[in-house]
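J.: from the sequence below, what's the structure:
(chains A and B)
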Amino acid sequence: MCRTGGVPEPAGTGGEASTDAAFTALLEDSVEDLYEYAPCGYLSTLMDGTIAKINSTLLDWLGLDREAVAGRKRFTDLLTVGGKLYHETHFAPLLRMQGELRGIALELRRGDGGRLPVLVSAVIKYGTEGEPLLVRITVFDASDRRAYEKELLHRRQEAERARAEADEARRQAEADRARLAEALAVLQRSLVPDSLPAVPGVETAVHYHTAAPDQLGGDFYDLFPVAGDRWAFFLGDVCGKGPEAASLTSLTRYTLRAAAHHDPDPTSALTTLNAVLHERYTADGDPRYCTCVFGIIEPGGQHGPTTVRLASGGHPPALVLRSDGSAEFLPTPGGLLIGIVPGAPIGTVETVLAPGDTVVLYTDGLTEARVGAGRDDLYGEDALHAFAADHAPAAPREAITALTGLLQSFGDGLDDDTALLALGVPAAPSPLGPETGHAS
Amino acid sequence: MDIRSRNNVNVIGRDDAPVLLMAHGFGCDQNMWRLVVPVLAERYRVVLFDYVGSGGSDLAAWNEERYSSLQGYAADVVDVCQELDLRQAVFVGHSVSAMVGVLAAQAAPERIGALVMVTPSPCYIDDEDYRGGFSTEDIEELLGSLEANYLGWSSAMAPVIMGNPDRPELGQELTNSFCATDPDIARVFARTTFLTDSREDLKGVSVPTLVLECEQDAIAPREVGAYVHKAIPASRLATLAATGHCPQLSAPEATSEAIVDFLESLT
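T.: Model (predicted):
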């Protein structure tokens, strides 16, 4: 134990004389002396706030003379203006309601204009009838503590500001992302027609499945009139995804449209496309390609047959659902991917659509959907053929509806974009309705 | 949540008597009226409530936008009036609530038949010839005092106190529980109270009005009381021999007496 500094020595460890001196010193610390020079400020006020008594410690802290304070100032006169407002709205009402309060943080104004941060506790002294007589207030110097609390508050405000900034940045990022998604959607819609034109004597239907909403897909299709009451249509799949695939799709679509107007022959259209893609990409050392079926349908009208001529470059074979309930592929052997080699061979095929026949073009998202318990197997052309035979005969809308249901049944096994386009000759009309329509 | 719970509405006194709707000001809650309520409840039906954000109100119903203007507080008053179907009630508003009462009386004239404005001030900030008593810097200093006394608020204890107003022993761990207010809410209420200039609204007061002021009031000095009295032709001014901004606590007998005198003069 430290024995310096006048600390009384415990009995038995020192001389009797020094113990007596310590007790004498304690006894001489009178109540008055303790009040005046206590290590905290004391003051007493009347109920109207007038300071009746104040100790030397507090006067010393404030740098004020007793004569200028006692009986002349109110407690609130010692406070800053903000402190006065706080006193009137919180301190005084609380004190009246509770009879005491503890640890209120205020600032006192010093005589030299400086400020003293303090913690104030107060208690009301009541008379014998319970009437409030005066308020006793103790004041603790809280300079260090207040500096620390201000630091804590400052840190907290910093943290809140940082959080607000982070929230704002996140909102901004979400808005940017939404704008980008909207731009992508607009671009995506520009790659396929909004709606198909009506073709006299032919029913059409289409479906486009987008695998990833925030990515531009690589499948495309179109249908438009060309000279001589004929209609051109195509459906294909470019390599890759995203903006680069989209620009390839755009070039492909407009090349085919222009080529078909110039010469509506399927082989000629795909040959032109092959030359354009090869020149634009592969010859530049950036090999890109697509697979595509291009067709010309010539509606037969009231009497003649409706013919379909197809050309294909590396694309899965078109499917025909016949009115007799059978289904068949229309293979186009020999066709190569479009855009890889100059003068690539194009395969062709021609068929006649009787009333009730429907031809279906599709992309490999359908046949390459992963199936089976482990998602290890591909759906494949055999299964598609069986599915088609199961649903034939089917008008284009029915066929597309059935195939859309099939796509949905793949669930997450369908991980690629898929385009479906169906064209068919309506079954012979009958005034008695569809049930008897088949009898004709 | 219904209005009675949202605003912690308490009704005491005589069912068949005229209604006193008593509204607390910035700082505490309906406990501010505790010393005058026993006397007033002998003669009147006394309705007490807390503004949303104060006292035992539902803090979840608070939002900064609504309670950043005195109209939001007036909407609370009108809500309480409608909930209890009060008609021709005497609105007793302390401090900022005196001006809230003016707005409520304009919004729902059939609900409020008279005003008692206890230590009112339509504008706390000095403005040219008008002496409100404060500058905007002073108000910032008050906000500093509110922040410095953050530690008097405990969000963990608040639900206990708020949910059990009739069992104050549960709140004893917090010495200053009567005025315990979420600091974020208190800051908004303080700004709205002290930075709003409602002088123009005084012109619209047409109901009988009592202006109650104190001899010594650091927040609403006597010249402000005189200003309010002059701006409302149908008003009476009563000056209480009391010190401070809360005569209902420092001079409860004189305060309730002045209110009773005023109400008797109306009949």
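
J.: how about the residues of chain A by chain B?
T.: Within chain A, the positions lying close to chain B (C-beta under 8 Å from any C-beta of the partner chain) are A:47-49, A:76, A:80-90, A:92-94, A:96-98, A:100-107, A:146, A:149, A:153. Placement of C-beta: from N, CA and C, glycine included.

J.: how about the strands of the stretch 1-150 of chain B, start to end?
T.: Remark: strands assigned in the stretch 1-150 of chain B by DSSP state E, counting those that start in this stretch are B:10-13, B:19-23, B:45-49, B:89-94, B:112-118.

J.: show me the residues of chain A next to chain B that map onto helices.
T.: Assigned to helices by DSSP state H, the following of the residues of chain A next to chain B qualify: A:81-86, A:92-94, A:96-98, A:146, A:149, A:153.

J.: widest-spaced pair of those residues?
T.: The distance between the two most remote of those (C-beta to C-beta) is 28.8 Å, for A:96 and A:153.

J.: mind listing what's buried along the helix or strand harbouring residue B:230?
T.: Element membership for residue B:230 (DSSP states H and E) is helix B:222-231. Residues B:224-225, B:227-229, B:231 are the ones in helix B:222-231 that count as buried (16 or more other C-beta atoms under 10 Å in any protein chain shown).

J.: just put the residues you listed in JSON lines and tack on distance to residue A:200.
T.: Below are the buried residues of helix B:222-231 laid out as JSON lines (distance: C-beta to C-beta, whole Å):
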{"residue": "B:224", "distance to residue A:200": "88"}
{"residue": "B:225", "distance to residue A:200": "91"}
{"residue": "B:227", "distance to residue A:200": "87"}
{"residue": "B:228", "distance to residue A:200": "85"}
{"residue": "B:229", "distance to residue A:200": "90"}
{"residue": "B:231", "distance to residue A:200": "83"}
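
J.: can you redo those residues as JSON lines with distance to residue B:56 and pLDDT?
T.: What follows is those, written out as JSON lines (distance: C-beta to C-beta, whole Å; pLDDT from 0 to 100):
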{"residue": "B:224", "distance to residue B:56": "31", "pLDDT": "96"}
{"residue": "B:225", "distance to residue B:56": "31", "pLDDT": "96"}
{"residue": "B:227", "distance to residue B:56": "34", "pLDDT": "96"}
{"residue": "B:228", "distance to residue B:56": "30", "pLDDT": "97"}
{"residue": "B:229", "distance to residue B:56": "34", "pLDDT": "97"}
{"residue": "B:231", "distance to residue B:56": "34", "pLDDT": "96"}
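
J.: can you name the residues that contact the residue nearest to residue A:261 when sequence neighbours are not counted?
T.: Nearest non-adjacent residue to residue A:261, counting by C-beta to C-beta, 6 or more residues apart in numbering or on different chains: residue A:226, 6.2 Å away. Residue A:226 makes contacts with A:232, A:260-261, A:264, A:296, as judged by C-beta atoms under 8 Å, 6 or more residues apart in numbering or on different chains.

J.: so where's the chain uncertain?
T.: If you meant another chain, say so; for now it's chain A. Across chain A, the ranges flagged by pLDDT under 70 are A:1-17, A:26-28, A:213-214, A:429-440.

J.: wrong one, chain B
T.: Scanning chain B for pLDDT under 70 picks out B:1, B:150-179.

J.: any chance you could map the helices in it?
T.: All helices of chain B, identified by DSSP H, fall at B:3-6, B:37-43, B:70-84, B:96-107, B:136-148, B:158-163, B:183-195, B:222-231, B:247-250, B:252-266.

J.: which one of those lies nearest to residue A:24?
T.: helix B:136-148 (43.7 Å).

J.: burial check on the residue in the stretch 251-400 of chain A positioned nearest to chain B, number of neighbours?
T.: Proximity of the stretch 251-400 of chain A to chain B (C-beta to the nearest C-beta) peaks at residue A:375, 47.8 Å away. The burial count assigned to residue A:375 is 14, neighbours taken as other C-beta atoms under 10 Å in any protein chain shown.

J.: chain neighbours aside, what residue packs nearest to it?
T.: Nearest in space to residue A:375, with sequence neighbours left out and distances taken as C-beta to C-beta, 6+ apart, is residue A:413 at 5.2 Å.

J.: how close does the residue nearest to residue A:261 sit to residue A:359?
T.: Applying C-beta to C-beta, to the nearest Å, the value for residue A:226 to residue A:359 is 18 Å.

J.: so what's the residue of the stretch 101-250 of chain A found nearest chain B up against?
T.: Closest residue of the stretch 101-250 of chain A to chain B, C-beta to the nearest C-beta: residue A:105 (3.9 Å). Counting by C-beta under 8 Å, 6+ apart, residue A:105 makes contact with A:117-120, A:142, A:146, A:149, B:145, B:148-149, B:151.

J.: scan these and report the most crowded one.
T.: Ranked by neighbour count under the definition other C-beta under 10 Å, those are headed by residue A:118 with 26 neighbours.

J.: end-to-end on stretch A:297-312?
T.: 15 Å (C-alpha to C-alpha, to the nearest Å).

J.: again, but for stretch A:63-80
T.: 16 Å.

J.: what sits up against it?
T.: With contact meaning C-beta under 8 Å, 6+ apart, stretch A:63-80 is reached by A:43, A:45, A:48-54, A:59, A:62, A:83-84, A:86-88, A:106-112, A:115, A:135, A:137, B:141, B:218.

J.: and for stretch A:364-372?
T.: So stretch A:364-372 is contacted by A:209, A:211, A:219, A:237, A:291, A:316, A:376-381, A:383-384, A:403, A:406-407, A:410, A:413-420 (C-beta under 8 Å, 6+ apart).
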